[in-house]
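Engineer: Below are the sequence and a predicted model for it; my questions follow.
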Amino acid sequence: MTGAPRGPFRYGDRVQLTGPKGKLHTMTIREGGEWHTHQGVLRHEVLVGRPDGSVVQNDMGHEYLALRPLLRDFVMSMPRGAAIVYPKDAGQIVVQADVFPGAVVVEAGVGSGALSLSLLRAVGETGRLLSFERRMEFAEVARANVETFFGEEPAWWEIHEGDLAEALPRDVENGTVDRVVLDMLAPWEVLPAVSDALTPGGVVLCYVATATQLSRVAEFLRDYGSFTEPEASETMVRGWNVDGLSVRPDHRMVGHTGFLITARRLADGSVPPEVKRRASKRSYTDEDQEVWTPGAVGDREITDKNLRKRIRDAEKAAEGVRRAVNGSTEEA
């Protein structure tokens with residue numbers, strides 16, 4: 001597979017160049033390729049064969065640090081059809097859901113493929129990732145982004161079209177899935193199908209944006225009877241400025257992006273010990289949920305025109321990788 005995360009640079013690799021002012025530029029190394037700026041031209045061939053972390057010069061003597069982009073760098077700069085799962089949440093999802101090499105993992109929906117990349121790395125070539133998406137135009141963006149990052153579409157990845165509640169029982173045998181990750185508006189609607197698909201001890205993790213969604217998922221998991229007591233959390237990241245004696249938190253931070261709530265599948269017929277909780281005065285209703293839908297809180301959906309442009313951008317990036325790889329293969 002191309003795009004190996006180690007060794008000398010070669011044609012088809014993605015490279016991240018950092019200029020004198022700290023500005024980042026990402027490109028794919030191509031046979032005969034050139035990178036043009038107002039400060040000169042850098043020929044791609046000067047990168048080939050050099051180790052990761054090298055400093056190269058363009059034809060005007062300007063220096064650039066060359067590194068393979070990390071997964072987080074790629075995710076934050078890749079074309080998007082739908083909102084992405086940020087790296088801080090993707091890392092927590094992999095750990096909290098305990099996604100391991102060789103695992104069979106189901107995710108819904110695919111979005112732009114940001115979480116898919118982390119899950120594909122975590123399960124490895126011995127595992128399987130089954131991604132379900134209702135809107136295949138989003139899946140096209142995800143497919144192109146994944147191909148761009150890996151250099152080709154991973155053989156252990158499958159994209160299934162349809163609503164998870166109907167498609168999961170249709171495409172997956174009951175009791176064969178180790179982990180399920182749900183990034184959708186109403187995950188409680190598919191939890192019965194998820195319960196059937198999960199193996200005993202398997203983990204379901206839901207990524208939701210609002211407190212009402214979080215509460216509704218938790219109450220459904222408790223009432224359904226085949227899951228352990230759910231656990232909920234959120235992650236916030238604050239960077240720090242460290243420069244000599246100037247050590248202080250950054251003025252900006254990555255705050256709330258979503259809640260994570262997890263539970264495990266019980267063995268059939270098992271009844272967990274009763275958990276004593278303070279009685280709630282009332283439960284959330286459909287009317288409460290409607291107030292907090294993305295449209296109601298002001299989130300704007302992507303237009304068809306904008307989505308088509310992002311699909312073209314993602315496919316263009318993937319095509320650039322394919323051409324670079326095919327060209328270097330023919331040359332060899």
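Structural biologist: Nice, I can see it. Numbering: from 1, shown residues only.
Engineer: So which bits of stretch 165-177 are buried?
Structural biologist: Buried residues in stretch 165-177, counted by 16 or more other CB atoms under 10 Å: A165, A167, L168, D171, V172, V177. To be clear about C-beta, it is placed using only N, CA and C from the backbone, and glycine gets the same treatment.
Engineer: Just these: which are in helices?
Structural biologist: Among the buried residues of stretch 165-177, the residues falling in helices (DSSP state H) are A165, A167, L168, D171.
Engineer: wait, what's in contact with the first one?
Structural biologist: Each residue near A165 by CB atoms under 8 Å, 6 or more residues apart in numbering is listed here: E189, V190, P192, A193.
Engineer: one more time with 6 Å, if that's ok
Structural biologist: V190, A193 (CB atoms under 6 Å, 6 or more residues apart in numbering).
Engineer: Same check on the last one?
Structural biologist: Taking CB under 6 Å, 6+ apart as the criterion, D171 is in contact with H160.
Engineer: please redo it, this time with the cut-off set to 8 Å
Structural biologist: L130, H160.
Engineer: Let's have the ones in helices among the buried residues of stretch 165-177 in JSON lines, adding distance to T26 and pLDDT.
Structural biologist: Output for these, formatted as JSON lines (distance: CB to CB, whole Å; pLDDT from 0 to 100):
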{"residue": "A165", "distance to T26": "38", "pLDDT": "94"}
{"residue": "A167", "distance to T26": "35", "pLDDT": "96"}
{"residue": "L168", "distance to T26": "36", "pLDDT": "96"}
{"residue": "D171", "distance to T26": "35", "pLDDT": "96"}
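Engineer: Looking at those residues, point me to the pair that's furthest apart.
Structural biologist: Farthest apart among those by CB to CB are A165 and D171. That separation is 12.1 Å.
Engineer: Out of the buried residues of stretch 165-177, the closest to E158 would be?
Structural biologist: Nearest to E158 among the buried residues of stretch 165-177, counting by CB to CB, is D171 at 8.5 Å.
Engineer: which SSE is Y64 in?
Structural biologist: Per DSSP states H and E: Y64 is located in strand 63-67.
Engineer: can you point me to the longest helix in the protein?
Structural biologist: helix 304-331.
Engineer: elements contacting it?
Structural biologist: The contact analysis (3 or more CB pairs under 8 Å, 6 or more residues apart in numbering; DSSP states H and E) places helix 304-331 against strand 24-28, helix 136-150.
Engineer: Pull out the buried residues from the strand holding Y64.
Structural biologist: Neighbour-count burial for strand 63-67 flags Y64, A66 (criterion: 16+ other CB under 10 Å).
Engineer: What's the mean pLDDT across it?
Structural biologist: Here strand 63-67 scores 95 as its mean pLDDT.
Engineer: The longest helix of the chain to strand 24-28, inter-axis angle?
Structural biologist: For helix 304-331 against strand 24-28, the angle by axes from the mean of the first three to the mean of the last three CA atoms, to 10 degrees is 60 degrees.
Engineer: do you know how far the most centrally placed residue in the chain is from V190?
Structural biologist: The centroid of the chain falls nearest to L115 when counting by CA atoms, centre = their mean (1.6 Å). Between L115 and V190 the distance is 17 Å, computed by CB to CB, to the nearest Å.
Engineer: again, but for E34
Structural biologist: In this view, E34 and V190 are 49 Å apart by CB to CB.
Engineer: out of these two, which sits in the busier spot?
Structural biologist: Per other CB atoms under 10 Å, whichever of E34 and V190 has more neighbours is V190, with 23 against 12.
Engineer: picking up where we left off before, any idea how far the longest helix of the chain is from the middle of the chain?
Structural biologist: 19 Å (CA atoms, centre = their mean, to the nearest Å).
Engineer: repeat for stretch 167-182
Structural biologist: Here stretch 167-182 is found 19 Å from its chain centre; the criterion is CA atoms, centre = their mean.
Engineer: go on, stretch 131-139?
Structural biologist: Put simply, stretch 131-139 sits 14 Å off its chain's centre (CA atoms, centre = their mean).
Engineer: buried residues in it?
Structural biologist: S131, F132, E133, F138, A139.
Engineer: Please name the nearest non-neighbouring residue to the last one.
Structural biologist: When you say that, I think you mean A139. The shortest distance from A139 to any non-neighbouring residue, by CB to CB, 6 or more residues apart in numbering, is to E133 (4.4 Å).
Engineer: quick one, phi psi at that neighbour?
Structural biologist: Per-residue torsions, E133: phi -140, psi 130 (degrees, to the nearest 10).
Engineer: I'd say it and L164 touch.
Structural biologist: No. Applying CB atoms under 8 Å as the test, E133 and L164 come out as separate, 9.3 Å apart.
Engineer: what sits in contact with each of the two?
Structural biologist: Common neighbours of E133 and L164 (CB under 8 Å, 6+ apart) are A108.
Engineer: Cool, thanks, signing off.
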